[in-house]
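[1] quick one: sequence plus predicted model below, questions after.
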Amino acid sequence: MVKQLILAAGMVAAAGSGDARVTDEAPSLAGTWVMDSAYEILADGRRVTNYGEHPLGLLIVDSAGRYSLQIFRRDRPAFATGDKARGTPEEFRAAALGSSTHFGRVRIDAAAKQLVFDVEGASFPNWEGRRQVRDYALQDRLLRYAVPASASGNGTTAYSIWRRVREGGGDG
């Protein structure tokens, strides 16, 4: 009887603590997420914001785990010619480094507490056809994950924080 009361108390506590789970069942990522923030920790320990202080971002995950993710720096300069094919080297550089997009399938490995992205297409071609694994935390409609330094190729670890949009369109 005491064991049952302790188990019941634990289940009630877990149920009241956001997305905490008593079992190894993975929470659902299905829905629409907006970027809350993104930053990077360089190999030398400095913190930078390659997408600016308030990046634009959208992550959409369907019930089958297919996803589409986009992140954009807000202050990317427009191409002076207005022609996407005729930008200057500086305009092309700002456009490429000021955005990150990819799509494919995503799932949660509840036992390992990791997100597993199987990338089908990406603005960074080196990620296409690859599996990207990220440690994550999901609590109170916030999804936080780290892109490991091995994915960047330069020792930088990137952090993304996404806020789930409430059904009906409100994200607050």
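    Nice, thanks for sending it over. Residues are numbered from 1 along each chain as shown.
[2] for the closest residue to residue 153 other than its chain neighbours, which three-state class applies?
    The shortest distance from residue 153 to any residue other than its chain neighbours is 7.5 Å, reached at residue 126 (CB to CB, 6 or more residues apart in numbering). Glycine gets a C-beta too; all of them are placed from N, C-alpha and C. Three-state assignment for residue 126 (DSSP: H, G, I helix; E, B strand; the rest coil): helix.
[3] now residue 126: how far from residue 45?
    Look at residue 126 and residue 45: by CB to CB, to the nearest Å, they are 25 Å apart.
[4] the two: which has the busier surroundings?
    Neighbour count, other CB atoms under 10 Å: between residue 126 and residue 45, residue 126 has more, with 10 against 6.
[5] quick check: that one vs residue 72, distance?
    20 Å.
[6] which ones are touching residue 65?
    29, 105-107 (CB atoms under 8 Å, 6 or more residues apart in numbering).
[7] can we see that at 7 Å?
    Contact analysis of residue 65 by CB atoms under 7 Å, 6 or more residues apart in numbering lists 105-107.
[8] so how far is residue 108 from it?
    Distance from residue 65 to residue 108, by CB to CB: 9 Å.
[9] quick one, phi psi at the spatially closest residue to residue 155 that is not a sequence neighbour?
    In space, and not counting its chain neighbours, residue 155 is closest to residue 43: 3.0 Å by CB to CB, 6+ apart. Taking degrees, to the nearest 10, you get phi -60, psi -30 for the backbone angles of residue 43.
[10] count the neighbours of residue 43 for me.
    11.
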